[in-house]
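Enquirer: Give me a 3D structure for the following:
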Amino acid sequence: MRTVKIGNRELRVPIIQGGMGVGVSLGNLAGHVAKEGAMGIISSAQIGFKEKDFDKNVKEANLRALDKEIKKAKEIAHGKGMVGVNVMVALSDYAEHVKQAVKSGADAIISGAGLPMKLPELVGNAKTKIAPIVSSGKAANLILRSWDRKFKRTADFIVIEGWKAGGHLGFKKEEIAEGKCKELLDILPDVKKAIQPYVEKYNKHIPIFVAGGIYTKEDIEQALEKGADGVQIGTRFIATHECDADEAYKQYFVNAKEEDIMIVQSPVGMPGRAIKTKFMEKVAQAKQPIKKCYRCISSCNIVDAPYCITKALIDAVEGRVDDGLVFAGANGARINKIVSVKELIEELTGGEK
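Expert: From the prediction side, this is the model:
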(Lines give C-alpha, C1' and ligand atoms only; values in the text may rest on other atoms or scores of the structure.)
Protein backbone atom coordinates (compact mmCIF):
# COMPACT_ATOMS: atom_id res chain seq x y z
CA MET A 1 0.00 0.00 0.00
CA ARG A 2 1.11 3.54 -0.75
CA THR A 3 2.72 5.88 1.72
CA VAL A 4 1.22 9.30 2.46
CA LYS A 5 3.22 12.49 2.75
CA ILE A 6 1.81 15.13 5.09
CA GLY A 7 4.08 18.12 4.68
CA ASN A 8 7.52 17.00 5.82
CA ARG A 9 6.12 13.87 7.51
CA GLU A 10 5.38 10.50 5.99
CA LEU A 11 3.03 7.68 6.95
CA ARG A 12 4.18 4.25 5.74
CA VAL A 13 0.63 3.04 6.33
CA PRO A 14 -2.21 5.22 4.87
CA ILE A 15 -4.40 4.79 7.94
CA ILE A 16 -5.48 7.19 10.67
CA GLN A 17 -6.88 5.53 13.80
CA GLY A 18 -9.91 7.67 14.58
CA GLY A 19 -10.03 9.63 17.84
CA MET A 20 -12.52 8.08 20.25
CA GLY A 21 -13.47 9.67 23.56
CA VAL A 22 -13.96 9.40 26.44
CA GLY A 23 -10.90 7.27 27.27
CA VAL A 24 -11.22 4.84 24.35
CA SER A 25 -8.24 6.11 22.36
CA LEU A 26 -5.53 7.31 24.71
CA GLY A 27 -1.75 7.05 24.64
CA ASN A 28 -1.49 3.28 24.60
CA LEU A 29 -3.66 2.74 21.53
CA ALA A 30 -2.36 5.80 19.67
CA GLY A 31 1.25 4.92 20.43
CA HIS A 32 0.97 1.34 19.18
CA VAL A 33 -0.81 2.49 15.99
CA ALA A 34 1.96 5.01 15.30
CA LYS A 35 4.56 2.34 16.03
CA GLU A 36 3.16 0.39 13.05
CA GLY A 37 3.70 3.38 10.74
CA ALA A 38 0.14 4.78 10.76
CA MET A 39 -1.29 7.82 12.60
CA GLY A 40 -2.50 7.15 16.12
CA ILE A 41 -5.01 9.61 17.52
CA ILE A 42 -5.71 10.49 21.16
CA SER A 43 -9.13 11.98 21.91
CA SER A 44 -8.89 14.97 24.26
CA ALA A 45 -12.57 14.75 25.25
CA GLN A 46 -12.71 14.46 29.07
CA ILE A 47 -9.32 12.77 28.90
CA GLY A 48 -8.62 13.51 32.57
CA PHE A 49 -11.45 11.37 33.98
CA LYS A 50 -8.94 9.08 35.72
CA GLU A 51 -7.20 11.97 37.48
CA LYS A 52 -7.95 12.14 41.23
CA ASP A 53 -9.12 15.76 41.07
CA PHE A 54 -11.28 15.37 37.94
CA ASP A 55 -14.58 16.06 39.73
CA LYS A 56 -13.26 19.28 41.26
CA ASN A 57 -10.85 20.56 38.61
CA VAL A 58 -12.07 19.22 35.27
CA LYS A 59 -10.12 21.65 33.09
CA GLU A 60 -6.78 21.18 34.89
CA ALA A 61 -7.21 17.40 35.07
CA ASN A 62 -7.90 17.22 31.32
CA LEU A 63 -4.87 19.32 30.36
CA ARG A 64 -2.59 17.36 32.68
CA ALA A 65 -3.83 14.02 31.33
CA LEU A 66 -3.54 15.20 27.73
CA ASP A 67 0.13 16.00 28.29
CA LYS A 68 0.71 12.58 29.90
CA GLU A 69 -1.03 10.63 27.15
CA ILE A 70 0.74 12.40 24.29
CA LYS A 71 4.13 11.76 25.89
CA LYS A 72 3.16 8.13 26.58
CA ALA A 73 2.15 7.60 22.94
CA LYS A 74 5.31 9.22 21.60
CA GLU A 75 7.44 7.01 23.85
CA ILE A 76 5.69 3.86 22.59
CA ALA A 77 5.92 4.97 18.94
CA HIS A 78 9.72 5.46 19.06
CA GLY A 79 9.59 8.08 16.32
CA LYS A 80 7.53 5.97 13.93
CA GLY A 81 4.29 7.07 12.29
CA MET A 82 2.54 10.11 13.75
CA VAL A 83 0.80 10.80 17.07
CA GLY A 84 -2.11 13.20 16.79
CA VAL A 85 -4.95 14.53 18.91
CA ASN A 86 -8.64 14.83 18.05
CA VAL A 87 -10.04 17.99 19.65
CA MET A 88 -13.77 18.60 19.23
CA VAL A 89 -14.76 22.19 18.45
CA ALA A 90 -17.78 21.68 20.71
CA LEU A 91 -15.60 21.36 23.83
CA SER A 92 -15.90 24.17 26.37
CA ASP A 93 -12.10 24.31 26.69
CA TYR A 94 -11.38 23.78 22.99
CA ALA A 95 -8.68 26.46 22.71
CA GLU A 96 -6.85 25.24 25.81
CA HIS A 97 -6.88 21.64 24.57
CA VAL A 98 -5.42 22.64 21.20
CA LYS A 99 -2.68 24.72 22.82
CA GLN A 100 -1.82 21.93 25.26
CA ALA A 101 -1.63 19.37 22.45
CA VAL A 102 0.82 21.61 20.59
CA LYS A 103 2.88 22.28 23.73
CA SER A 104 3.05 18.54 24.49
CA GLY A 105 4.39 17.74 21.03
CA ALA A 106 1.41 16.36 19.10
CA ASP A 107 2.32 15.75 15.45
CA ALA A 108 -1.18 16.64 14.27
CA ILE A 109 -4.53 18.00 15.44
CA ILE A 110 -7.74 16.81 13.82
CA SER A 111 -10.80 18.89 14.64
CA GLY A 112 -14.50 18.32 14.04
CA ALA A 113 -17.90 18.34 15.84
CA GLY A 114 -18.21 21.92 14.65
CA LEU A 115 -16.23 24.14 12.29
CA PRO A 116 -12.61 24.66 13.48
CA MET A 117 -12.36 28.24 12.26
CA LYS A 118 -9.70 29.31 14.79
CA LEU A 119 -7.49 26.23 14.63
CA PRO A 120 -4.60 27.87 12.66
CA GLU A 121 -4.47 30.77 15.12
CA LEU A 122 -4.38 28.43 18.13
CA VAL A 123 -1.60 26.29 16.62
CA GLY A 124 0.42 29.30 15.51
CA ASN A 125 3.84 28.65 14.02
CA ALA A 126 4.23 25.21 15.61
CA LYS A 127 5.19 22.21 13.47
CA THR A 128 1.91 20.49 14.41
CA LYS A 129 -0.13 19.60 11.31
CA ILE A 130 -3.78 20.64 11.22
CA ALA A 131 -6.82 19.00 9.63
CA PRO A 132 -10.56 19.73 9.72
CA ILE A 133 -13.18 16.97 9.67
CA VAL A 134 -15.78 17.71 7.00
CA SER A 135 -18.85 15.97 5.64
CA SER A 136 -19.22 17.99 2.43
CA GLY A 137 -17.34 20.04 -0.11
CA LYS A 138 -19.26 23.07 1.10
CA ALA A 139 -17.87 22.70 4.62
CA ALA A 140 -14.34 22.17 3.30
CA ASN A 141 -14.57 25.33 1.20
CA LEU A 142 -16.00 27.36 4.09
CA ILE A 143 -13.19 26.35 6.46
CA LEU A 144 -10.29 26.66 4.04
CA ARG A 145 -11.53 29.98 2.66
CA SER A 146 -11.68 31.36 6.20
CA TRP A 147 -8.21 30.00 7.10
CA ASP A 148 -6.76 31.50 3.92
CA ARG A 149 -8.34 34.91 4.44
CA LYS A 150 -7.69 35.27 8.17
CA PHE A 151 -4.48 33.32 8.76
CA LYS A 152 -2.82 32.94 5.32
CA ARG A 153 -2.69 29.19 5.92
CA THR A 154 -4.40 26.07 4.64
CA ALA A 155 -4.98 22.53 5.87
CA ASP A 156 -2.14 20.01 5.99
CA PHE A 157 -4.65 17.23 5.34
CA ILE A 158 -8.43 16.71 5.36
CA VAL A 159 -10.66 14.03 6.91
CA ILE A 160 -14.01 13.40 5.24
CA GLU A 161 -16.44 11.68 7.59
CA GLY A 162 -19.40 9.94 6.01
CA TRP A 163 -22.72 8.96 7.53
CA LYS A 164 -21.58 5.42 8.44
CA ALA A 165 -19.05 6.71 10.98
CA GLY A 166 -19.36 6.19 14.73
CA GLY A 167 -19.86 8.89 17.31
CA HIS A 168 -21.11 12.35 16.40
CA LEU A 169 -22.19 12.76 12.79
CA GLY A 170 -22.26 15.81 10.54
CA PHE A 171 -25.63 14.90 9.07
CA LYS A 172 -29.22 15.48 10.15
CA LYS A 173 -30.94 12.63 11.96
CA GLU A 174 -33.77 12.62 9.40
CA GLU A 175 -31.30 12.39 6.50
CA ILE A 176 -29.68 9.34 8.07
CA ALA A 177 -33.00 7.69 8.91
CA GLU A 178 -34.39 8.26 5.41
CA GLY A 179 -31.19 7.21 3.63
CA LYS A 180 -30.74 10.61 2.02
CA CYS A 181 -27.07 11.08 2.95
CA LYS A 182 -24.50 11.24 0.20
CA GLU A 183 -22.19 8.22 0.20
CA LEU A 184 -18.65 8.69 1.47
CA LEU A 185 -16.84 8.21 -1.84
CA ASP A 186 -19.38 10.44 -3.59
CA ILE A 187 -18.42 13.29 -1.25
CA LEU A 188 -14.73 12.88 -2.17
CA PRO A 189 -14.89 14.63 -5.60
CA ASP A 190 -16.78 17.57 -4.03
CA VAL A 191 -14.07 18.02 -1.39
CA LYS A 192 -11.28 17.65 -3.97
CA LYS A 193 -12.85 20.39 -6.05
CA ALA A 194 -13.34 22.62 -2.98
CA ILE A 195 -9.70 22.40 -1.87
CA GLN A 196 -8.10 22.69 -5.32
CA PRO A 197 -7.73 26.52 -5.20
CA TYR A 198 -5.73 26.17 -1.98
CA VAL A 199 -3.63 23.30 -3.35
CA GLU A 200 -2.65 25.67 -6.16
CA LYS A 201 -2.26 28.82 -4.07
CA TYR A 202 -0.06 27.19 -1.42
CA ASN A 203 1.65 24.88 -3.93
CA LYS A 204 1.19 21.85 -1.70
CA HIS A 205 -0.59 18.53 -1.83
CA ILE A 206 -3.41 18.30 0.74
CA PRO A 207 -3.99 14.58 1.40
CA ILE A 208 -7.58 13.49 1.91
CA PHE A 209 -8.50 10.65 4.28
CA VAL A 210 -12.00 9.17 4.16
CA ALA A 211 -13.82 7.81 7.20
CA GLY A 212 -17.07 6.03 7.99
CA GLY A 213 -17.78 2.42 7.09
CA ILE A 214 -14.19 1.51 6.17
CA TYR A 215 -13.77 -2.02 7.50
CA THR A 216 -11.67 -4.24 5.21
CA LYS A 217 -8.52 -4.14 3.07
CA GLU A 218 -10.84 -4.10 0.05
CA ASP A 219 -12.64 -1.00 1.41
CA ILE A 220 -9.29 0.75 1.73
CA GLU A 221 -8.22 -0.25 -1.77
CA GLN A 222 -11.51 1.02 -3.20
CA ALA A 223 -11.06 4.37 -1.43
CA LEU A 224 -7.51 4.69 -2.77
CA GLU A 225 -8.64 3.78 -6.30
CA LYS A 226 -11.32 6.50 -6.11
CA GLY A 227 -8.67 9.10 -5.29
CA ALA A 228 -8.40 9.19 -1.51
CA ASP A 229 -4.88 9.33 -0.09
CA GLY A 230 -5.78 7.23 2.93
CA VAL A 231 -8.54 6.24 5.33
CA GLN A 232 -9.53 6.85 8.93
CA ILE A 233 -10.80 3.86 10.91
CA GLY A 234 -12.12 4.09 14.44
CA THR A 235 -14.38 1.24 15.54
CA ARG A 236 -12.12 -1.63 14.49
CA PHE A 237 -9.34 -0.33 16.74
CA ILE A 238 -11.61 -0.68 19.77
CA ALA A 239 -11.37 -4.46 19.44
CA THR A 240 -7.60 -4.48 20.00
CA HIS A 241 -5.63 -5.52 23.05
CA GLU A 242 -3.97 -2.10 23.12
CA CYS A 243 -7.21 -0.10 23.15
CA ASP A 244 -7.43 1.90 26.38
CA ALA A 245 -11.05 0.92 27.15
CA ASP A 246 -12.07 -1.73 29.69
CA GLU A 247 -12.30 -5.33 28.43
CA ALA A 248 -16.06 -5.38 29.05
CA TYR A 249 -16.36 -2.43 26.65
CA LYS A 250 -14.46 -4.31 23.94
CA GLN A 251 -16.54 -7.44 24.46
CA TYR A 252 -19.68 -5.38 23.90
CA PHE A 253 -18.60 -5.05 20.27
CA VAL A 254 -17.76 -8.75 19.97
CA ASN A 255 -21.25 -9.62 21.23
CA ALA A 256 -23.19 -6.90 19.36
CA LYS A 257 -25.67 -7.77 16.64
CA GLU A 258 -26.49 -5.64 13.62
CA GLU A 259 -29.86 -4.66 15.07
CA ASP A 260 -28.10 -3.28 18.17
CA ILE A 261 -26.53 -0.40 16.21
CA MET A 262 -28.71 2.71 16.52
CA ILE A 263 -28.81 6.45 15.90
CA VAL A 264 -29.00 8.46 19.12
CA GLN A 265 -29.41 12.14 19.89
CA SER A 266 -26.43 13.55 21.77
CA PRO A 267 -26.50 16.46 24.25
CA VAL A 268 -23.94 18.00 21.89
CA GLY A 269 -26.90 18.72 19.62
CA MET A 270 -25.81 16.30 16.90
CA PRO A 271 -26.97 12.80 16.06
CA GLY A 272 -24.56 9.97 16.79
CA ARG A 273 -24.26 6.25 16.09
CA ALA A 274 -24.02 3.91 19.07
CA ILE A 275 -24.68 0.38 20.29
CA LYS A 276 -27.97 -0.09 22.10
CA THR A 277 -27.50 -0.31 25.88
CA LYS A 278 -30.01 -0.46 28.72
CA PHE A 279 -29.07 3.12 29.56
CA MET A 280 -29.86 4.41 26.05
CA GLU A 281 -33.20 2.56 26.17
CA LYS A 282 -33.98 4.53 29.35
CA VAL A 283 -32.95 7.77 27.62
CA ALA A 284 -35.40 7.02 24.82
CA GLN A 285 -38.18 6.85 27.42
CA ALA A 286 -37.33 9.83 29.61
CA LYS A 287 -34.71 12.43 30.49
CA GLN A 288 -32.14 10.98 32.86
CA PRO A 289 -31.24 12.91 36.03
CA ILE A 290 -27.99 14.90 35.89
CA LYS A 291 -26.36 15.18 39.32
CA LYS A 292 -23.28 17.10 38.22
CA CYS A 293 -22.32 19.21 35.21
CA TYR A 294 -18.78 18.65 33.94
CA ARG A 295 -19.06 21.62 31.51
CA CYS A 296 -17.68 19.45 28.75
CA ILE A 297 -19.68 20.84 25.84
CA SER A 298 -20.14 24.58 25.27
CA SER A 299 -23.63 24.12 23.79
CA CYS A 300 -24.93 21.80 26.51
CA ASN A 301 -27.81 23.11 28.61
CA ILE A 302 -28.13 20.99 31.75
CA VAL A 303 -31.85 21.82 31.97
CA ASP A 304 -32.61 20.48 28.50
CA ALA A 305 -29.93 17.81 28.09
CA PRO A 306 -31.47 14.29 27.91
CA TYR A 307 -28.54 12.89 29.95
CA CYS A 308 -24.96 13.71 30.95
CA ILE A 309 -22.78 12.55 28.10
CA THR A 310 -19.60 12.71 30.20
CA LYS A 311 -20.98 10.34 32.84
CA ALA A 312 -22.50 8.02 30.22
CA LEU A 313 -19.20 7.71 28.33
CA ILE A 314 -17.10 7.26 31.48
CA ASP A 315 -19.44 4.57 32.83
CA ALA A 316 -19.15 2.65 29.56
CA VAL A 317 -15.39 2.90 29.07
CA GLU A 318 -14.77 1.81 32.67
CA GLY A 319 -16.75 -1.37 32.06
CA ARG A 320 -20.21 -0.40 33.33
CA VAL A 321 -21.39 -0.74 29.76
CA ASP A 322 -25.11 -1.27 30.36
CA ASP A 323 -25.17 2.01 32.27
CA GLY A 324 -23.42 4.02 29.58
CA LEU A 325 -23.09 5.21 26.00
CA VAL A 326 -21.08 3.15 23.49
CA PHE A 327 -20.39 4.94 20.21
CA ALA A 328 -19.82 2.67 17.20
CA GLY A 329 -19.52 2.79 13.45
CA ALA A 330 -22.14 1.24 11.17
CA ASN A 331 -20.05 -1.94 10.89
CA GLY A 332 -19.50 -2.32 14.63
CA ALA A 333 -21.48 -5.55 14.79
CA ARG A 334 -19.11 -7.22 12.30
CA ILE A 335 -16.41 -7.43 14.98
CA ASN A 336 -16.11 -10.97 16.36
CA LYS A 337 -12.73 -11.06 18.09
CA ILE A 338 -10.08 -8.96 19.78
CA VAL A 339 -6.68 -8.80 18.09
CA SER A 340 -3.47 -6.81 18.46
CA VAL A 341 -2.95 -3.49 16.66
CA LYS A 342 -0.14 -5.12 14.68
CA GLU A 343 -2.42 -7.97 13.55
CA LEU A 344 -5.21 -5.56 12.59
CA ILE A 345 -2.95 -3.32 10.52
CA GLU A 346 -1.41 -6.35 8.81
CA GLU A 347 -4.93 -7.55 7.94
CA LEU A 348 -5.91 -4.12 6.61
CA THR A 349 -2.78 -3.70 4.51
CA GLY A 350 -2.15 -7.29 3.57
CA GLY A 351 1.19 -6.95 5.28
CA GLU A 352 2.30 -4.27 2.80
CA LYS A 353 4.15 -1.64 4.81
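
Enquirer: Count residues in the vicinity of the nearest residue to residue 94 once chain neighbours are set aside, would you?
Expert: Residue nearest to residue 94 in three dimensions, not counting chain neighbours: residue 87, with 6.3 Å by C-beta to C-beta, 6 or more residues apart in numbering. Bear in mind the C-beta positions are built from the backbone N, C-alpha and C, glycine included. Close neighbours of residue 87, defined as other C-beta atoms under 10 Å, add up to 32.

Enquirer: doesn't residue 113 make contact with residue 87?
Expert: No: the pair residue 87 / residue 113 is not scored as a contact, 9.1 Å apart, by C-beta atoms under 8 Å.

Enquirer: the domain parsing of this structure - what is it?
Expert: Following automatic domain parsing, one finds the domains of the chain at 4-247+333-349, 257-332.

Enquirer: Those domains: lowest mean pLDDT?
Expert: Note on the domains of the chain: lowest mean pLDDT is at domain 257-332, with a mean of 86.

Enquirer: any chance you could map the strands in the protein?
Expert: 4-6, 9-11, 15-17, 39-43, 82-86, 108-111, 129-134, 158-161, 167-168, 208-211, 230-233, 261-265, 271-275, 326-327 (DSSP state E).

Enquirer: What are the buried residues along the first one?
Expert: It stands for strand 4-6. Using 16 or more other C-beta atoms under 10 Å as the test for burial, strand 4-6 gives 4, 6.

Enquirer: and residue 100, what does it touch?
Expert: Residues near residue 100 by C-beta atoms under 8 Å, 6 or more residues apart in numbering: 44, 63, 66-67.

Enquirer: Check residue 340 too.
Expert: Contacts of residue 340 by C-beta under 8 Å, 6+ apart are 240-242.

Enquirer: I'd like to know which of those residues are part of helices.
Expert: Within the contacts of residue 340, no residue falls in helices by DSSP state H.

Enquirer: quick check, nearest of the residues you listed to residue 40?
Expert: For the contacts of residue 340, the residue nearest residue 40 by C-beta to C-beta is residue 242; the value is 9.5 Å.

Enquirer: how much space between that closest one and residue 334?
Expert: Distance, residue 242 to residue 334, by C-beta to C-beta, to the nearest Å: 20 Å.

Enquirer: Looking at those two, which is more packed in?
Expert: Neighbours per residue (other C-beta under 10 Å) separate residue 242 from residue 334, with residue 242 holding more: 20 against 15.

Enquirer: ok, and the closest non-adjacent residue to the more buried one?
Expert: Closest residue in space to residue 242, ignoring its immediate chain neighbours: residue 32 at 4.3 Å, by C-beta to C-beta, 6+ apart.

Enquirer: and the one you found, how many neighbours?
Expert: Using other C-beta under 10 Å, residue 32 has 25 neighbouring residues.

Enquirer: In this structure it contacts residue 339, no?
Expert: No: counting by C-beta under 8 Å, residue 32 stays clear of residue 339, with 11.9 Å between them.

Enquirer: which residues are in contact with both of these two?
Expert: Jointly contacting residue 32 and residue 339 under the rule C-beta under 8 Å, 6+ apart are residue 240.

Enquirer: circling back: comparing the domains of the chain, which stretch has the densest surroundings?
Expert: Mean neighbour count (mean count of other C-beta atoms under 10 Å) peaks for domain 4-247+333-349 among the domains of the chain, with a mean of 21.

Enquirer: is it true that residue 155 touches residue 144?
Expert: Yes: using C-beta under 8 Å, residue 155 is in contact with residue 144, at 6.1 Å.

Enquirer: any residues in contact with both of these two?
Expert: Joint contacts of residue 155 and residue 144 (C-beta under 8 Å, 6+ apart) are 132, 195, 198.

Enquirer: and the contacts of residue 340 as CSV, adding distance to residue 38?
Expert: Below are the contacts of residue 340 laid out as CSV (distance: C-beta to C-beta, whole Å):
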residue, distance to residue 38
240, 12
241, 16
242, 13
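
Enquirer: Quick check: residue 192 vs residue 205, distance?
Expert: For residue 192 relative to residue 205 (C-beta to C-beta), the value is 11 Å.

Enquirer: Next, the residue nearest to residue 244 when sequence neighbours are not counted: phi, psi?
Expert: Closest residue to residue 244 apart from its sequence neighbours, by C-beta to C-beta, 6+ apart: residue 26 at 3.9 Å. With angles defined as degrees, to the nearest 10, residue 26 sits at phi -110, psi -160.

Enquirer: Fine by me, thanks again.
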